[in-house]
Every structure is written in C-alpha cells, then in structure tokens.
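**Student:** Below are the sequence and a predicted model; questions follow.
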Number of protein chains: 4
Amino acid sequence: MRSPIGPYLASIVDEIRPEDSGELADYIPELADADPEPFGIALSMLDGQVYTAGDAERPFTIQSSAKAFTYALAIRERGLTKVLAHVGVEPSGDAFNAISVDERGRPANPMINAGAIGTFALVPGDTVEEKFDAVQRFLSDCAGHDLDIDEGAYTSELSTAYRNRGIANMLRASGGLAAEPDIAVEGYIRQGALRVCAKDLALMGATLASGGVQPVTGKRVLDDETAGHVLSVMTTCGMYDAAGDWVSSVGIPAKSGVGGGIVGASPGRLGIATFSPRLDVHGNSVRGVAAFERLSRDLSLHLMRIPETGHLALREAISVDYISNDYGTAAMYRLQGIIDFVAAESVVRRMTSDQIDHRYVVVELTDVAEIKLVALQMIAAVMAGFAHEGRQVYLIDPARLYGPDDLQRFDIADKVTQVDNFEQGEAIGREREAAEAGD
Amino acid sequence: MRSPIGPYLASIVDEIRPEDSGELADYIPELADADPEPFGIALSMLDGQVYTAGDAERPFTIQSSAKAFTYALAIRERGLTKVLAHVGVEPSGDAFNAISVDERGRPANPMINAGAIGTFALVPGDTVEEKFDAVQRFLSDCAGHDLDIDEGAYTSELSTAYRNRGIANMLRASGGLAAEPDIAVEGYIRQGALRVCAKDLALMGATLASGGVQPVTGKRVLDDETAGHVLSVMTTCGMYDAAGDWVSSVGIPAKSGVGGGIVGASPGRLGIATFSPRLDVHGNSVRGVAAFERLSRDLSLHLMRIPETGHLALREAISVDYISNDYGTAAMYRLQGIIDFVAAESVVRRMTSDQIDHRYVVVELTDVAEIKLVALQMIAAVMAGFAHEGRQVYLIDPARLYGPDDLQRFDIADKVTQVDNFEQGEAIGREREAAEAGD
Amino acid sequence: MRSPIGPYLASIVDEIRPEDSGELADYIPELADADPEPFGIALSMLDGQVYTAGDAERPFTIQSSAKAFTYALAIRERGLTKVLAHVGVEPSGDAFNAISVDERGRPANPMINAGAIGTFALVPGDTVEEKFDAVQRFLSDCAGHDLDIDEGAYTSELSTAYRNRGIANMLRASGGLAAEPDIAVEGYIRQGALRVCAKDLALMGATLASGGVQPVTGKRVLDDETAGHVLSVMTTCGMYDAAGDWVSSVGIPAKSGVGGGIVGASPGRLGIATFSPRLDVHGNSVRGVAAFERLSRDLSLHLMRIPETGHLALREAISVDYISNDYGTAAMYRLQGIIDFVAAESVVRRMTSDQIDHRYVVVELTDVAEIKLVALQMIAAVMAGFAHEGRQVYLIDPARLYGPDDLQRFDIADKVTQVDNFEQGEAIGREREAAEAGD
Amino acid sequence: MRSPIGPYLASIVDEIRPEDSGELADYIPELADADPEPFGIALSMLDGQVYTAGDAERPFTIQSSAKAFTYALAIRERGLTKVLAHVGVEPSGDAFNAISVDERGRPANPMINAGAIGTFALVPGDTVEEKFDAVQRFLSDCAGHDLDIDEGAYTSELSTAYRNRGIANMLRASGGLAAEPDIAVEGYIRQGALRVCAKDLALMGATLASGGVQPVTGKRVLDDETAGHVLSVMTTCGMYDAAGDWVSSVGIPAKSGVGGGIVGASPGRLGIATFSPRLDVHGNSVRGVAAFERLSRDLSLHLMRIPETGHLALREAISVDYISNDYGTAAMYRLQGIIDFVAAESVVRRMTSDQIDHRYVVVELTDVAEIKLVALQMIAAVMAGFAHEGRQVYLIDPARLYGPDDLQRFDIADKVTQVDNFEQGEAIGREREAAEAGD
C-alpha cells in the first residue's frame, strides 16, 4: 500500500504552487536567468526514508545553504574555540550581505556572507583547491553521494563578486580572516555553486537533525555537540534578518540559499528541504517559506511545541509477589521509552513518595530505549537509598544500560543486584533467602 | 525517602557560589545597594513539583524578566497581529537599553527596554493603575500567588529613569507607542519592581513551558500558541546581545533581569529560575548563566538535543488469531506513547510495507497518551486503504482519540469499526462472520 | 536718489517666488497651518544699513535659527571650555532630529536638536523662566529690539514634543545634559517660538558677521572670538545634513529654521536673512536656499572667493628728497587700507628687497585703516633692521597705530622716530642734522 | 636686508618641535619605519614667494593630501556634475577609513578613502598607468615641478591594502565606482606615494588659494570655481572626523596625509604646508595641527576673521570745480582697491544719499584694482539715475573696467561719458558747454 505522506506533500505543492510573488536573485547573472517555476519538497526521516513531492530531484545551486555545513566542517576540523575566535554567533539584525563585524572584529555569525567567507577561510588547506575539496567532500558526505559543481554559476558569480571581495578584504584588514581574501572569496563562491536537489538537502538536514549521522550511509560526519551547535546558530541566524520571525512562525532551524533552496533540520526528528527560486525581500524562497510554515504547523515541528513525554516513563509501578508468597513482596517499577531528566524525575518522585515497606525493590529497564546520564544517576541515588534502608534492590537491566563504570561511580555496585530478567532476580533472591534462613 | 534532585541542585549552588565576578546593576540606586551574595536555583516540573536550592525563596525585583510575561498578556488581550504592529520579533544585536527601532518604527523586539515599554503600552487600561493592575494580576496568576511590589525599588528607579523616558518619547514621536510616554514608562518600571523569588520565577517559566497552564493552580492563563510564540521570542531575543551565544551554549528560552533573576522555560519539560545579583557586561546574572549552562548540559535540556522518540511509537506489530482460528487471522498494530508526525511516520511506514494478506487489520490505541492531528490523519489514510482492499479494519480506541468528527472528515466512519477493546472487536467480527455465512 | 540694492533684491524675490515646491513643517501643528506664500529677503550691512524686499517684516517663529545665538550666549556666559564639555562641534552627517551623540556622550554639535537642547541647559538660571529670560534678552540684543513670543506656536509644539523630550532624557541619561530634561525641552521650544522677521534675522546675522557688535545699537554683545567660533560651527553644521553641499554652493555661514527663516552671516561683510515657509527634505526653506545661492553668486560672498587684497597695501614706495637736498634723500613707504599678514608681507618684501642707500627711511601709516599685530611686528622688525644699518627711520603714525607698548615690545622705541606728519619728521631731522653738524 | 618672516617661522618650529606625542602611521610598513623627528613649515604667497623653516625641503609621501588635488583634476576633466554623481560632499562624522556611503551609494566625500578611491576612478584613462600619469602630471603642475614616486612606499602599502581593496570592491558592488576596483586601488595608492616636501605642498596650496593659478609658473591649472569648490570640501571634510574642530580652531581649508604632511590654502591669501610624521588619533600630524593653529592665530588667517574692507572703497568724495568756475561744479567720487558688493554698497549709499545739485557727477576708477560684476552694475545704476536727472556723468576709467559690453547691458552707453582721465573729461565738458552755449 502507498504511504499517505507522499500525497500529503503533493497536496502542499499543489496548494502553494500558484503563489508566484517574489523575484529571482538578480545579482548573479546565472541565477537571474533561471527557470522560476520549479517547486519541490523533500522530507528525510532519520533512518534515511525520504518523501518527496514536486521538483524535488531537480538540481540547483546550493548557495548559502552550504554555509551551515561548511561551518560544521570548520568546527570539526579546527575546533569550536578556534572558529569562535574568527566568527561570532550573534544574530546581526542586518541583511545577508552586510559586513556586521562585532567589536572584536569578527563577523557577527557564520550565516551572513561575511561570516561564511571567514568560515571558509578556516577550512584546512592552503589553496582554493585544497580548501574547496574538503568542503565538497564534506557536503557530499552529508548528502550521501558526490555533489558536483555548476561551473557556469561559479564563473558567473565570480565575475561580479565585488561585494564579497569587499567584505573579504575588509575582514582581512581587521585581522579576522584566516586566509588571503581572494582564496576565501573564490572558495566561498565555489562552494555555493555545488549542485544539489531538494532530496539532497533534506538528507543533509537530517544529518544535522540526527546529531551528525548521515541517515542513509550511516556515516558519522559530526559529533553530536557540533551538530547541536550548528543547529543553534541556524536557529538564531539562519534566515538573515527575518530570523526572529522565522523562529516564531516556523520554529525549525533552517538555512536558505538564493538559489531557491531552504534546508531545515528538526532536531531528533527529520530533515526538510524545499526548492523554489523566487525570493522575498530577505532573500528567502517565497514558496519555501510558505511550505515550511505549513509543514511546521501540520506536523507540529515547532521547537517550542515539544510534547510532554515525562509522564510516559513509568509503564507500571506495582506491588508484586516476589520470591514466592512465603518470603515477601516487591515494589516493582517498570520503565519504558527514553528516560531523560524529566522522565527520571517522574520516576524518582514516585519511588521516593511511595510508602514502601516491601523487602524487595525492583527497577526494570527492559523496555527502556535510551537513558540519559542524569537519569542513571538519579535512579541510582534512589536505589542506593532503598539499599541503605535494608531492602533488596534488583535492577533488571538486560541491555546493561548501567555499565560496570556506572555502578562504580554511582556507588551502587555493592548495593544493587543487576540481573537480566525477573526469573534471574527471583533465583538470586531465593538463594539469598535460603542462605539467610540457613544462618 | 528524599529525592536526589534537591541535593543535586544544592551541589550546583555550592560549586558555583564561589564565583564572585560581575557587578551589581549600578543604574538603579536601590539595586546598587543590594546584597550581592544570595544565590538560589529552582526547578518547576509541569505538574507543579518544585525543587530548590540556596536562596530560592529570597525575594528580589523581577525587573526585565517581567517582559516575557507582559508580552504574553498583551498578545492574549490584544491579539498577536495588533502587538506585532507595534513591536517586532527580531534580535537587534544591540544592548538592552538601545532604541533599536526597525524600518517600520517598531522596537526590534519586546525583550529590550524599548519593546517592553511599547508592550506595556498595549496592555488594556487607560491609566498607569489600570494597566499595571492587569500586569500584576497576570504575573501573579503565572506565579500562582499574589505578587507585591517593592515600592522603594520603584521610586528609586523612577527617579533616574531618564533613558527609559527618552526611549518612550522617541517611540511616541515615531508613532509606535500606544500610550502617553509617562504612562508607559511608569507602568513599565512598576512592573519591574514586582517582587518574586526564584521559586516564583520557576513556576512562571513552567507556565510557559507547559503551553500556558499554571502548574500548581491548573489555571490556563495563555493558549498554547501564545505560549509558544513567547518562548520563540525569548529564544532569539531574551538574553539581549548575547542571545546567539545563549542559544548555542544553553539552548533554553530564557529572560534575565538586572535584579539578578533569570527565568527559563524548557518547552514541554519544566521551568527553571536562578537568582544571583552580580551581572556580566550584558546585564545577565553571572552565576545564573553558569547555573543554566550547567543545568542544560547535565539535564540534556538543550533545544537542539531532543531525543529521537519516533521509533518508540509501535509497541507491537503482530499477527494474531482473530475471531477464532476458523475464520481468519489479523495483523495487529499496538501503538503507545505520544504519536506525533515522526511516530506516525514510523507506524504507517511499517503498515504500508508489511505484506498483509490477513482478513483483519487491527490498530490499537489503548496505550497512546496523546496523538497529533497529523497522525490521526495519516493512520486514517492507511486504515482506509486497507478497507479499500476489502479487509476488516478494527480500531481499538477506548479513549475515543478519534472523535466522531475525525471519523467523518477522514472519511473512515463507514470503513473502520471503532471498538473499546479486543473482545468487543471479536464479538462484532463474529456477528459479521455469522451474517456473511448466513447469506 | 534711490539705491539700486532694494530693486535688485526685489528682482530676486520676483524671480524665485514662483518656486512653490517644498512642504510646510508638519510636525508642529501651528506651523502646518501657516500661510506658505510669504517670501522676504533682508540684508544688513555692518553699520546697520538694511535693505529688504518682499515680506521682510512679516513675523514668523525663529525656530532653529535661534540655536546659533543661544550657543553664542552659552559660550559668553559659561566659557567655551565648559560648553565644549557638553556639546561637540562636529558635523554629524545625520538629520536635525537625530540624537547623534559622540563617543564622549556629547551631542555632535549645537545646531542639531540634541545639541541645542544641551546648549539651552547651559544657559544660566535654575528654571525655565530664568534661562529663557536670558535667551530672550540676548536674542533681542542681537536683533536690536525686544522680541516677543508666539504663545500659540509654543503651546502647539510643546504638546507634541515627544521626540525632543526623548532626546533630552537620553542626554540626561548619558550624563550630558546640564539641566532636568523638562526644563531644557520647554526652554528650547520656547526659544524657538520667539517671533522675528527677516529684517531682524539679518541684523542678528550682521551682529555675528561684525564680530559681535549689533550694527544699529552699537552694543557689543559678544567678543570677536566667540562670534568667530559660532560662525565656524554654523559653517560646518548649520544646514543639517546638507552642510557640505551648502558650503560648496553657498559658502556663507548660516542657520535655517523650520519656521521658514534662514539667517546668514558673511564674516566682515554683512548679515543676510530670508523667509519662506516651504521646506525641502533637509528642513531648509526651498526659496531661502535658492535666494542664498543667488546672493552668494551675484554678490561674490562665498567664503572661498575672497579677493586678493595683499598687493594693495603699498600706496607708494618712492624716493623723496628729505630734510632738503643738502642733507639727504629718503626711501618712503606709504601704506594704506588694512594691513594684515599678506599685506605686510608684500610691504616688508619690498622694503627688504629694495637697494636702499638713503640716509632716511620713512614708513607712513596715515592712510592705514587697521593693522594686525603680526603686521606691526613684521614692519617693526624691518624698521629695526634699517636702524641697525645706521639709517634714520621715521614712522609717520598720526593715529598711533603703534602704541607705546608696541614700541617697547618690538624694541624700536630707541630706533624709530614716531611722528605725526611729514613736516614734523622734517623738523626733527633738521634739528638732528644741525646737532650732528655742530658736533 | 633679511625678511622677518623666515625667522618668525623658525621660531614656531623651535617652539613646537619639543612636542613629541603622537605615533607614526602603523598600517603602512614603510611609514612605520620613517624618521619621526623632521619638522618643517612652508608658506607660499600667491605670487610665488615662499618662506620656509625647519625641514621644509625634506621629501615625504603625500598620502591623503593628494586627495584634494585628484578631486580637482577629476572635476576639471569630468565636470562637477559627473563627479557629484559618484562622490558626495558631506562630512561623514566617521574616520578616514570608514566606508560611509550615503543613501545614493556614494562615498560621503572625496577626502575619506572611499571617496578618494571613487575620485581616482573618475580620472581619465583606462589603465592604472594612464590614470596615474594624469594625476602625476596634474600634481606636478600644482607643485611647479615634476614629482616622482616613492616605489618602496607604494609597494609596501599595496601589499597590505586590504581595507582599501575592501572599500573599492564594496563601492563597485553598489554601482558607485567608475573603474575596476584593482585599478582604482592601485592608482589611489600610487598617487599617495608621490614624493613632495613642505615647500611643494605650500605651492600646491597656493595654487588652490589663488583660484587655480600656480604661483611660480603662472600656469592656470584650474578655473576659479573648481578651486573654490575644492576648498569648500577641504573645509568641511579635509580633516576627517575632526573637521568641525579644525574649522573652529584653525579655520583654514586643509588636507592632511598620514605621511605627516598637511596642506592648507587660505583663499585669496596664501598656501601653507607643514611636515611632521607623528600623528594624533584622527590621523593628523600632531605638530602640524599645532603649527596651523599657531599660524592661523598669529597671522589672522581664520576664515571667520575676515577684516571689514568695505568702508575703504571710497578714497574721496569731494565737490570740485569742474570745467572752470564759470560753468559748474562736480560731485566727484574716487574709488580705490577692490570693489566688491560691500564696497560698492558703501559707494552707492554715499552717492544716493548726498544732496547733489551739481551739474557734473564724476566717478573715478583709476585706483581700482579689481571690480566685481555686481559692483559694476550697482554703480552703473546710480550713474544712470544721475543722468536721468539731467546731470552730466563722467566715468574716469582708464583701464576700461567697464567694457563696451558692460556699457550696453547696463544701458549707460548713452548716459555716461567714459574717459581716460580728468583732463579728457574736462575737454569733453568744455566742448559740450560750448555747443550748448552756441544753441
């Protein structure tokens, strides 16, 4: 049977397509001659499943959408500290081509041209070729296949790149550019001429949304922290001087490009991309913005509309017979899903507030998919407390979410009995009963 | 037994307390004389459970942290469109006391003084008293008890409020202020003199984080959309000219005040507040920033580090005997937790890719806590598809997550049999079998 | 017979009057309702002779043209150093109502509103009344008669003075305003409501042009240095953000007002004023600017077109029989006009380059109207040189342009014989001859 | 005998030389290594007489002082309208290396780097060489001898000219630069490397002060109007962001250079130059500024301290016997010096206010050195008036200051008898008497 998601996307394309306001980017001759009509949408789930509608496989130049990825590469290769020394992270309130240098001589952020040129300069390599090769490889890794370059667009933009040359020279003059201006500008323009389609961009967005793992190839191209940092900067600076409006109305970290693309990344959820060449006054694709607004609302993807999940952590908190009726009963806590701080809080609150006079306390993690360090620590503290009260604490943890190190550092190795399943716990308990009875 | 969360917060207070850099706000005489030493932290879960450490119940003036709430009130009372006509939502890149008026004559955003004065002017009422009463009532509603005013701080600040008077008059001159400057300034300063403690602020933050419901009183003070909008603006503009850095390093919507407080709201999770009077150059509490960074990291509260939950949606997808062995088997899909788009996508993908030749398809929502509209629609589409193939589709939906309207608009009222439990489904199936057999 | 100057001015009025572009100042209700048609021109010579054409005696409010005079008063009463501590002298490049505060917190210059408010605050007095009385008296002294106030204009502007109140409060906040904002704003607006006519303004301009002496009353209201300083600031800052264009195309220090007046002062020459209410985008009277351009060109009043006068200093340099043929001949230098540095240079160059073997050297100052200190010194040095060569040096100086002190400090009291006229010199020479002959 | 001017300048050098504050320009390697000690002053009278003191013939690079002259050249070759389309004339309030582009995309003025680069681009020629040759020729013409280039300084500055390249590219991007950025920057830097000494600069200044005639060679390199325009712009923009302070305290149009030179031009009087490499924070030579302040004060060169000359215009206004006692007496007006508007006003006022019942009116221009058009017109009008009253009007005008065209256009050819001298007038009168008597 066919998934309803494709038809849903197709219906959005149909509804938004009649919107024909906006203008082609006019400052790059090649872009000014582009076909203004194509419109495509692509979603990429974090396991690589991609849904598309419209012209989602039509190639276009990535332009400024590349900035987010080159920024990620620069951090990966040079470290965040080094990159922050050259490029800030503050929204500037200015247009994409403003210089917007802060009091330290840094471009305000890596999403405006000044900051993106400064970022490119930080990419390893001494020549345009070396630096660009690194960028091309990285973006290809994010897309999951080799991206090629639109030489016509590159040449066209390079011939009129006065403003970017101006910016680069100004940055170099103020000491903030880590390469010769010509190298930085040529490479920066070259990276913008890389050819992608909406599907590529959606996968690239999913790579960021997943914390740095390309969904199809499974290759980790970034660590989680860097991916999160890049998403943060996309949130506040990705949509130029319309960033605040974007966060309010869409609430998905994103980066637009004057080629007509927008790449979005809903953290922990999916990647999104749109393509439609006509731009609004901020330089953002008109239909792309409309599609993102629609998708954010329909799919509840807004960063500020995160559903409350904490109360789902505890599947069951029950009192069970344990080690046969003869010996005693147990308070049993069965956890499920992802146990973050909020989930753990609900669990430990219940555990610490229950009036427990059972001999046994059992915490079962069998259905837990993921557990945060803070949650391990909180639950360990409570288990230690029960042990201190003289109760037997059994931790049913077949996946060993508590590793040996965790047991040591939370000081529960001697206080809690880690078992694979209920039966194993019962067997141990029975032995212990017997031993005690034998005393 | 005692919860480990209080001790955890206490340990943070102990670790950060030695940090004594920063200066008291010096432009308000009363603040300049404050005791610089207190330091408190409070967390409020969305059900009203509060954890505190240090001087979390020590009163201080709310100052700029009030801006987020007055903004919420203005939107509630006047509507977002009206408010946006007077105050923008873009980060300005400027300091809190800059005028930062955009090309439409609006203050850049409601979190800088200019925008907050403009926001206060929009609160219903003709006099300072009327407007202020509305603000005081609303903030008290968010805190869950009546907040009083520090008259000394009010008088003190009012006597030197030249800059704010300057801003208000400039705004009035450019047509952007909806009240007389003196009314707006006096009310704005009066709202900043409301007395809160960190615990109050944490509850106020939780009110925003929960989508507008005060956690203790259960009173809905805002609709979900307004709460989300306010959080969005706090994200991009709440920490003055350090907003980008804050999003990168903390990633929790927040608003600081020069009285030393910071209120944060982790959407769908919890409210956080800190109090320590010494401020950094941006006007943000030094220890407060440190505590937020620590809490964000320890508790994984960063907006960009949302755990992937989609794959947890499907508890079981099994093939079961249905209506006895004689008649047929069923493909049974048991969903759980919160079903958002990503969760629904994983469910429908599985449903549409399975090779199903069963006579019955059963979707069970018994363990579903919440389901988004988009998910209802997607799953309805798949169920309709199975019905179209001639299969019997049973929806075990005891909570009626699909209401009668949903069945109609998704056009499945005639295609899907909604039942309360497995047994009811079997009974219906058996009747139907009998009827068919009787044909 | 009638002077041709009146008709000349009348012809300019006739030619320019059809120009009806521009708009009435709209931000002050009273001004917006003014009759836009009047047009008048007045010239005041430095001896009080006034020529007018058109509506030169029609009253209007002085508005910003008052700024130059209040600035002069503030300097006279407080000293330039004190005034410079509060208000700068740099053109800001901004519009008249910009705040334009420099890095020291001072308004850029006294001709923009911010600087004029700051200037008014410096006028002696503790209340609006005291300060305003001083201003009214001073401007009346410059006009030569008592100026009264247009209470309607005052009340009208005060009711909408948000922007100026904004500016004053901002200045007070940054520490740069020497009075309470309300006092400064009310007094500033009140001074702008003083009623003048073009003839008044021309006389006020002439007061500055003459170095501080009111042409009709002869009252010295400013010292020469202060008048020069005020003219300097009018030159660079008087015409708001069109200052550079004004200097290029008109080249006369001037100050416009939104009431339609422009006051100009051609240093050492005359005062000029125009009145016509329609304003250009810079806030300057359209016809007034046209008239000033025309007058500057026709009358060669541009500051950069100063005629060369130096070579006219020496009326005659002749060799004459002196003290009868028997005794000897003299080199005689007859100076005339105003002897400034350039004139003195031409004189001393001639004197030092002539091959002089005469026994007598005579310098005659009878026709000299004025001689600068530097010229006294230069000519003294040359006379001393001739005395050193053993020649008799006679200084015919009936007006005692060289005072007794000058003779001492230039060390020529013993070397040069100062006489009233040629005959007295001859008599002395004859005695001296006789005495020498008698030796 | 020796002129006292040289020693006077030497005394200034001695007094100011101990001042050793300020720093060498550090952004050009070659300048940073210069000897900081030299100090020279030069004055050039408008007839080519030059006075110097200190290191006035020591060569240095002209740097920004060239801007004024290249601007003059661009206007001469392209016309003011064309130049104004690319470069404004408003002081920017910004530092010399700010971009300061106005709302029309033009650099604010030609004295900041942006404007000077824009100006160089306007110089005729397609290549750096062609354009630079034109500049080098023109500056050499102003100096009166061939200026050569400091290739080391050129190469040095070119290698670090990032900021200027940045500016040029930005200008090109906004459409305001009339040449390729590299051509404009290289030529601009090359012009700054031209080698001059203080004496050269003084002569160059005198060329502007004289209205465009090189004082020594006598070559007219600019028309009077262009020279006046350049001086206007030097007045408001020549000293960077200290322009207002310079006009107040010095009041001489000037242009500094980071090589340590300052060129000044006192219109109608003289050229001045100083050289001393240590610079203040504005980039102006510390000792140079001190010397200019001293010279302005000592020599009364301030633009706002122009002596009143008008009352000197009338040498004699007497009643004389004319054409013998038998026939009648004459009112005789003998003018002298330069007759500008103010002078003419004093003359015509006297003529029109005298109670004249003489048969003859005689105006004698023999001692008039120069007479402005407006004065010719005013005096013609009065003479016509006397003729209209039936009096005989004789114009003694041996130099034919009234040309035949003037007599026509002022309509006095038939009304006034133009003669060479008194005797000729008498002869004509006598003939006329005889003729009338013969009637």
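**Tutor:** Thanks, I have the structure now. Numbering: from 1, shown residues only, chains lettered A, B, ... in the order given.

**Student:** Name the spans of the stretch 51-200 of chain A whose pLDDT lies under the cut-off.
**Tutor:** Flagging of the stretch 51-200 of chain A using pLDDT under 70 yields the residue ranges A:93-100.

**Student:** Mind doing that once more with 90?
**Tutor:** Within the stretch 51-200 of chain A, the ranges that satisfy pLDDT under 90 run A:90-106, A:108, A:160, A:174-176.

**Student:** In it, which residue sits closest to chain C?
**Tutor:** A:Glu103 (12.9 Å; Cβ to the nearest Cβ). Any C-beta I mention is one placed from the backbone N, CA and C, and that applies to glycine too.

**Student:** Can you give me the distance of A:Gln214 to C:Arg349?
**Tutor:** Counting by Cβ to Cβ, to the nearest Å, the gap from A:Gln214 to C:Arg349 is 88 Å.

**Student:** likewise A:Val416?
**Tutor:** According to Cβ to Cβ, A:Val416 and C:Arg349 sit 109 Å apart.

**Student:** Secondary structure element holding A:Ala85?
**Tutor:** With elements delineated by DSSP states H and E, A:Ala85 resides in helix A:80-86, which encompasses its position.

**Student:** now do A:Gly88
**Tutor:** Taking DSSP H and E as the criterion, no element holds A:Gly88; it sits outside all helices and strands.

**Student:** Now it: closest residue in space, sequence neighbours ignored.
**Tutor:** In space, not counting the residues next to it along the chain, A:Gly88 is nearest to A:Arg106; the distance is 4.6 Å by Cβ to Cβ, 6 or more residues apart in numbering or on different chains.

**Student:** rewinding a little: tell me the SS of the residue of the stretch 51-200 of chain A closest to chain C?
**Tutor:** coil (DSSP: H, G, I helix; E, B strand; the rest coil).

**Student:** burial count for it?
**Tutor:** 6 (other Cβ atoms under 10 Å in any protein chain shown).

**Student:** Could you do A:Leu158 as well?
**Tutor:** Applying the criterion other Cβ under 10 Å, we find 16 residues in the vicinity of A:Leu158.

**Student:** I'd say it and A:Tyr188 touch.
**Tutor:** No - here A:Leu158 lies out of contact with A:Tyr188, judged by Cβ atoms under 8 Å, at a distance of 10.1 Å.

**Student:** leaving aside the residues next to it on the chain, what's closest to A:Ala227?
**Tutor:** A:Gly212 (4.2 Å).

**Student:** same deal with A:Ala254?
**Tutor:** Excluding its sequence neighbours, the residue lying closest to A:Ala254 (Cβ to Cβ, 6+ apart) is A:Gly264, at 3.9 Å.

**Student:** Check the one you found and give its pLDDT.
**Tutor:** A:Gly264 carries a pLDDT score of 98 in this model.

**Student:** Which other helices and strands does the helix or strand containing it contact?
**Tutor:** Counting by DSSP H and E, the secondary-structure element that holds A:Gly264 is strand A:261-266. With contacts defined as 3 or more Cβ pairs under 8 Å, 6 or more residues apart in numbering or on different chains; DSSP states H and E, the packing partners of strand A:261-266 are helix A:198-209, strand A:254-256, strand A:270-275, helix A:286-298.

**Student:** Would you list the strands that that strand pairs with, along with their directions?
**Tutor:** When pairing is defined by DSSP bridges, strand A:261-266 lines up against strand A:254-256 (antiparallel), strand A:270-275 (antiparallel).

**Student:** elements contacting the helix holding A:Ala85?
**Tutor:** Using 3+ Cβ pairs under 8 Å, 6+ apart as the contact definition, the elements that helix A:80-86 packs against are helix A:66-78, helix A:113-122.

**Student:** repeat that with 7 Å
**Tutor:** Taking 3 or more Cβ pairs under 7 Å, 6 or more residues apart in numbering or on different chains; DSSP states H and E as the contact definition, the neighbouring helices and strands of helix A:80-86 are helix A:113-122.

**Student:** Which helix or strand lies directly C-terminal to the helix it packs on?
**Tutor:** Downstream of helix A:113-122, the first helix or strand assigned by DSSP H and E is helix A:128-143.

**Student:** list the buried ones in that following helix?
**Tutor:** A:Val128, A:Lys131, A:Phe132, A:Ala134, A:Val135, A:Gln136, A:Phe138, A:Leu139, A:Ser140, A:Asp141, A:Cys142, A:Ala143 (16 or more other Cβ atoms under 10 Å in any protein chain shown).

**Student:** repeat for stretch A:171-190
**Tutor:** Buried positions in stretch A:171-190, judged by neighbour count with 16+ other Cβ under 10 Å: A:171-174, A:176-181, A:183-190.

**Student:** Give me the neighbour count for the closest residue to A:Glu15 other than its chain neighbours.
**Tutor:** Nearest in space to A:Glu15, with sequence neighbours left out and distances taken as Cβ to Cβ, 6+ apart, is A:Arg294 at 7.9 Å. Summarising burial for A:Arg294: neighbours were counted as other Cβ under 10 Å, giving 16.
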